[in-house]
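**Student:** I would like to see how this sequence folds:
(one chain, ligands or ions: 1)
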Amino acid sequence: MKIAIIGTGHVGLISGVCFAELGNKVLCIDNDEEKILNLKNGKLPIFEPGLQELLDKNKPRLTFTTSIKEGIQEANIIFICVGTPPKPSGDADLSTVESVTIQIAKSMHDYKLVVEKSTVPVRTGVKIKQLMEGKVKSGLSFDVASNPEFLREGAAIYDFMHPDRIVIGVETVRAKKILTELYKPIKAPILVTDIESAELIKHASNSFLATKISFINAIAKICEQAGANIEQVARGIGLDHRIGPEFLQAGIGFGGFCFPKDLRAFRKIAEKLGCEFSLLHEVEKINESMKKLFVTKVEEALWNLSNKTIGILGLAFKPDTEDMRYAPSIDIIQMLQKEGAKIRAYDPQAMPVAKNILKDIEYCKGPYEVAEGADCLCILTEWEEFKGLDLDRIKSFLKSPVIIDGRNIFEKEKMLKLGFTYYGIGR
Ligand code: UGA
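**Tutor:** Here you go, the predicted structure:
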């Protein structure tokens, strides 16, 4: 099939490259000229494991352009993958979705299936359809569909190729036929729904996952007070197949560009529909409290933070990405700096991005350099590299052997045996 993807962010670019891998001809469109130029030269704008190889492999089936007008001519399916960032109110900003829709409507000369893949509030599909109806040349037909994407950063290619489910929200047989045909090579159940339900499935899924994380973090706090161990509790809960073991990892909370913004946007759209969803407000509150809890632990370990040197391992919101958007590390580091602490940090991928966000930090070449002369070491992202550290060596570099592990990557007993003063979350 011939596909146009508008927006080469994480979802757009991965979807484009993966659709090409499935044998389709894909045109990736973005108004960022530098990004498109780089992509034409085989240079990726993001770090995602395996993406470079897949891009190189599928070059003959991939084209990059800045023009929607040119880009969509040959395509029969157009995926809208542009950003839907939060407004100060928390509502999703759909202005790019709107402008892209207008450009599609004005540029098309034959039938197009327009698919929203960006995360959008329910009823966006209706708005897209109404907008297009008023702009397309008479006699031309089109369909609108919703096909939310569930891939995770860092595991994006695997998730795209091996999803738990594919959700297709349609209102015509023609749209259903095209999309089921497109996804045929992927072995996953296809759930066909109406457009509104498909849109809701995405916001509801992300909100449910975020709720699961805040739930386990709230339990972690109780564990600390009661002398229980969150890992044992999480295992005990997760063995119930109705609950499941995933997304029960307690820590400093969720970040990234999806959960925080989607929770707020979902709460806003629910409110507009007259259905207050205050549970999600609690989820956010618990998430914020985890960062404060972490800073309290640092204070407990070091007492006054003024002029203390704190080593930070991990800045990205999660491993295998350089993404710093809404990373818990940002708030935590700023809280520590406010108390007068000096920060030295290392992240395997996120440092170039972090340098634009976090100031007055000494960025280091590796974990051992971070530890050198530091009053304590804080783990904020669970990169594999940190799990395999030579802890005796780390201890010999630290001014005092204190580790505050915001992701519970080390075993408490082992750390105590090695002579560390060790703090985890919920144990
Ligand atoms: C999330 C969803 O998992 C994807 O299904 C969805 O497609 C995506 O948002 C999106 O809407 O685009 P992502 O934000 O890439 O994916 O990352 P996750 O792996 O879900 O992690 C999100 C945050 O939760 C991270 O900060 C992670 O550290 C935290 N987390 C995750 C926990 O604190 N505990 C857990 O048990 C799991």
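**Student:** Show me what from the stretch 1-150 of the chain comes close to the ligand.
**Tutor:** Proximity of the stretch 1-150 of the chain to the ligand is confined to T119, E149, F150 under the rule Cβ under 6 Å from any ligand atom. C-beta here means a position set from N, CA and C on the backbone, and glycine is covered the same way.
**Student:** Most neighbours of all those, which one?
**Tutor:** T119 (23 neighbours; other Cβ atoms under 10 Å).
**Student:** Could you look up the SS state of that residue?
**Tutor:** coil (DSSP: H, G, I helix; E, B strand; the rest coil).
**Student:** just checking, it touches N147?
**Tutor:** No: judged on Cβ atoms under 8 Å, T119 makes no contact with N147 at a distance of 11.5 Å.
**Student:** what's the domain layout of this protein?
**Tutor:** Segmentation of the chain into domains, based on automatic domain parsing, reads 2-193, 228-423.
**Student:** So which residues of the stretch 301-427 of the chain form helices?
**Tutor:** 328-338, 351-357, 367-371, 384-387, 391-397, 412-417 (DSSP state H, counting those that start in this stretch).
**Student:** mind giving me a markdown table with those helices and columns for distance to A345?
**Tutor:** Below are those laid out as a markdown table (distance: least, Cβ to Cβ, whole Å):
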| stretch | distance to A345 |
| --- | --- |
| helix 328-338 | 7 |
| helix 351-357 | 7 |
| helix 367-371 | 7 |
| helix 384-387 | 12 |
| helix 391-397 | 15 |
| helix 412-417 | 21 |
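**Student:** Write out the residues of the stretch 151-300 of the chain neighbouring the ligand.
**Tutor:** So far as Cβ under 6 Å from any ligand atom goes, the stretch 151-300 of the chain lies against the ligand at 151-153, 206, 209, 213, 247-249, 251, 253-256, 258-259.
**Student:** Show me what I190 is bridged to.
**Tutor:** I166 (DSSP bridges).
**Student:** Now do the same for it: its pLDDT.
**Tutor:** We note a pLDDT of 98 for I190 in this prediction.
**Student:** Please apply the same query to V97.
**Tutor:** 98.
**Student:** Wasn't it part of a helix?
**Tutor:** Yes: judged by three-state DSSP, V97 forms part of a helix.
**Student:** who touches it in this structure?
**Tutor:** For V97, the contact set (Cβ atoms under 8 Å, 6 or more residues apart in numbering) comprises I80, V82, T84, E116, S118, V120, T124, I128.
**Student:** Just name the closest of those residues to G274, please.
**Tutor:** Of all the contacts of V97, T124 has the smallest distance to G274: 18.1 Å, by Cβ to Cβ.
**Student:** could you measure that closest one against the ligand, distance?
**Tutor:** 15 Å (Cβ to the nearest ligand atom, to the nearest Å).
**Student:** repeat for Q225
**Tutor:** Where the ligand is concerned, Q225 sits at a distance of 20 Å (Cβ to the nearest ligand atom).
**Student:** so where does that residue fall, helix or strand?
**Tutor:** helix 195-226 (DSSP states H and E).
**Student:** could you say what helices and strands the very next helix or strand once past that helix packs with?
**Tutor:** Past helix 195-226, further along toward the C-terminus, the next helix or strand under DSSP H and E is helix 230-238. The contact analysis (3 or more Cβ pairs under 8 Å, 6 or more residues apart in numbering; DSSP states H and E) places helix 230-238 against helix 195-226.
**Student:** How about the contacts made by the closest residue to the ligand within the stretch 101-250 of the chain?
**Tutor:** As assessed by Cβ to the nearest ligand atom, the ligand sits closest to Q249 within the stretch 101-250 of the chain, at 3.2 Å. Counting by Cβ under 8 Å, 6+ apart, Q249 makes contact with I213, I216, A234, R407, N408.
**Student:** give me that answer again for 10 Å
**Tutor:** Shown in contact with Q249 (Cβ atoms under 10 Å, 6 or more residues apart in numbering): K212, I213, I216, N217, A220, I230, E231, A234, E382, R407, N408, I425.
**Student:** Give me the neighbour count for the nearest residue to the second one once chain neighbours are set aside.
**Tutor:** Which is I213. For I213, ignoring the flanking residues on the chain, the nearest one in space by Cβ to Cβ, 6 or more residues apart in numbering is F254 at 5.0 Å. By other Cβ under 10 Å, the residues close to F254 number 25.
**Student:** Next one: F254 from P49, what distance?
**Tutor:** F254 sits 20 Å away from P49, taking Cβ to Cβ, to the nearest Å as the criterion.
**Student:** next one: D93
**Tutor:** 30 Å.
**Student:** do the same with I157
**Tutor:** I157 sits 7 Å away from P49, going by Cβ to Cβ.
**Student:** quick one, which of those two is more surrounded?
**Tutor:** Higher neighbour count among I157 and P49: I157, with 19 against 14, using other Cβ under 10 Å.
**Student:** Confirm that that one sits in a strand.
**Tutor:** No: I157: not assigned to a strand; according to three-state DSSP it is helix.
**Student:** Verify the stated contact: it with K57.
**Tutor:** No: using Cβ atoms under 10 Å, I157 makes no contact with K57, being 11.5 Å away.
**Student:** Let me know how buried S396 is, in neighbour terms.
**Tutor:** Per other Cβ under 10 Å, the neighbour tally for S396 reads 12.
**Student:** OK, contacts around it?
**Tutor:** Going by Cβ under 10 Å, 6+ apart, S396 touches Y368, A371, E372, D390.
**Student:** So for A105, what's the nearest residue that isn't a sequence neighbour?
**Tutor:** K135 (3.6 Å).
**Student:** Kindly apply the preceding question to Q73 instead.
**Tutor:** H109 (6.9 Å).
**Student:** ok so, going back, does the residue nearest to I213 count as helix, strand or coil?
**Tutor:** F254 is classified as coil under three-state DSSP.
**Student:** swap in the one 10 residues further on?
**Tutor:** Following three-state DSSP, R264 is assigned to helix.
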